Structure formats: structure tokens, C-alpha cells
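Asker: Structure here, sequence nowhere to be found:
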């Protein structure tokens with residue numbers, strides 16, 4: 001056997017050495033690699049299945065614990081704010097001239113050919129009100145937490161529904177303060193008839209206690225430090241609070 005040849009450790013055939021660490025011929029090397037992959041697949045499948053079952057079990061336990069916490073904290077028909085006003089450290093109020101275009105009734109139509117035009121008109125109305133509110137709230141930082149909305153409509157006559165102004169106004173507030181309207185709470189909607197220079201009064205208030213998040217399990221609104229860190233989330237925290245995820 002020459003120096004450039006070695007004997008395969010599996011089939012004992014003579015082969016030409018191609019590297020200092022070579023021990024097997026090409027065909028035996030393929031067989032060993034195939035067997036290695038099979039062994040890895042068996043081992044990985046076991047661990048993957050076990051991890052899957054553990055995740056499913058932990059998820060179920062967290063869901064049950066979240067339901068229990070949620071049941072303890074849910075309100076009755078005598079909910080809290082009926083006797084106690086929501087605490088707010090920031091209260092913003094402004095007035096804009098009355099316009100029936102801020103009512104959703106102004107952009108509804110049964111004419112199918114005018115749908116696109118009405119959608120464009122709606123967008124223009126919301127953008128105009130957003131610009132006004134954004135300019136007036138530019139020095140206030142709002143957080144992801146409950147935002148309380150007060151709307152007072154001075155309408156020139158009794159033909160307009162005050163309740164129909166909520167839609168456009170809240171869309172504009174959402175864009176202006178950069179807080180999703182899932183956090184919005186309508187605290188008051190009122191109206192009066194004003195013949196001379198009617199206006200729309202808008203109030204926005206918030207506790208200003210920092211960003212918060214709603215636990216996906218128990219539904220509680222909690223500070224961010226009550227959640228475990230999660231780098232994949234845009235805010236760097238998970239969706240399930242520590243209370244639901246502890247003691248699985």
C-alpha cells in the first residue's frame with residue numbers, strides 16, 4: 001500500500017487519500033452520513049414532540065389561569081366609573097367650527113356610482129381634522145393606555161345626530177395622537193342647539209402613567225414591567241403577563 005493510499009475502515013478497500021483525516025471510501029462515507037442523519041432525525045423528532053407537548057400544556061395552564069383572574073376582576077352592572085371619575089393627569093380641550101361633514105351621515109349614499117367619491121371625501125375630512133388636532137396636541141405625549149374622549153356638539157338645528165359625529169372625530173384623534181382607537185373610551189357625548197357660530201368641543205384625557213399592555217390571557221391592563229421580555233415584539237415584551245405565566 002503506497003503512502004497516498006489508505007484502507008477504508010468499513011469495507012477495507014484501498015482508496016486514494018484525499019485529506020489527512022480521511023478514513024472511509026466515498027460510498028461508505030455516504031452510508032455513514034445517511035445513518036447520521038437518520039439518528040439525528042430520530043433524536044430531534046423526540047425532543048421536538050416533547051417540546052411541542054410542553055408548550056401546548058403551558059399554554060392551556062396559562063389560559064385557565066387567565067380566565068380565573070379575569071373572572072375575579074370583571075365588573076358588575078355597577079361598574080366603577082359610575083361612582084368615581086377616571087383619573088387623568090392630562091386633559092386637552094379644543095373647539096372647532098361646526099360642520100355637518102364631521103357626521104358619518106354626510107358621506108353615506110345609496111348611489112353605487114358615488115362610492116369612490118364618498119370614500120375620498122371621507123379621507124379628506126379626516127385628514128383635515130387630524131391636521132388641526134395634531135397641531136394642537138404636538139406638545140403632549142400620549143401613551144398606549146386608556147384615552148377618554150368627550151364630545152360636545154353645538155348643532156344649528158335638530159336635524160343632526162350627535163352620536164354620528166363620534167366616528168370621524170375618533171378616526172382623526174387616532175391619527176393625531178398616534179394611539180390605536182382600541183384604547184379609546186367615550187366618556188361623554190352631549191349636544192345643544194346653538195344658532196350663532198356653533199362649534200364642536202373635543203376633550204382628550206389620559207392618566208399618563210406610561211405605556212401599558214392588555215394581557216392576552218387575563219385581559220388586565222398592566223404596565224410593561226409586568227410582562228416578560230420578547231425581542232420579536234415591537235415593544236420588546238410578550239403578550240402574556242407574568243401572573244398568568246408563573247407557576248405553570
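Answerer: Great, that's in hand. Given the structure is predicted, the values throughout are model-derived calculations rather than measurements. Residues are numbered from 1 along each chain as shown.

Asker: Which strand or helix spans residue 152?
Answerer: Secondary structure assigned from DSSP states H and E places residue 152 in strand 147-155.

Asker: Give me the contact list for that strand.
Answerer: When contacts are taken as Cβ atoms under 8 Å, 6 or more residues apart in numbering, the neighbours of strand 147-155 outside the stretch itself are 86, 88, 93, 98, 160, 162, 165-166, 169-170, 173, 177, 179, 183-194, 198-206. Quick note: C-beta positions are derived from backbone N, CA and C, even for glycine.

Asker: counting contacts, what elements does the helix or strand that that strand is followed by pack onto?
Answerer: Proceeding C-terminally, strand 147-155 gives way to helix 166-177 as the next helix or strand, assigned by DSSP H and E. Using 3 or more Cβ pairs under 8 Å, 6 or more residues apart in numbering; DSSP states H and E as the contact definition, the elements that helix 166-177 packs against are helix 115-136, strand 147-155, strand 184-193, strand 199-206.

Asker: Kindly reformat those as TSV containing mean pLDDT.
Answerer: What follows is these, written out as TSV (pLDDT from 0 to 100):
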stretch	mean pLDDT
helix 115-136	82
strand 147-155	95
strand 184-193	94
strand 199-206	94
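
Asker: nearest to residue 74, of those?
Answerer: When these are compared by Cβ to Cβ, strand 184-193 sits nearest residue 74, at 16.6 Å.

Asker: Could you check that closest one and say which residues are buried?
Answerer: Of all the residues in strand 184-193, those buried under the rule 16 or more other Cβ atoms under 10 Å are 184, 187, 191.

Asker: Check those against residue 75 and report the nearest one.
Answerer: After measuring the buried residues of strand 184-193 against residue 75 - Cβ to Cβ - the closest member comes out as residue 187, at 15.8 Å.

Asker: Shouldn't residue 36 be within a helix?
Answerer: Yes - the assignment for residue 36 (DSSP: H, G, I helix; E, B strand; the rest coil) places it in a helix.
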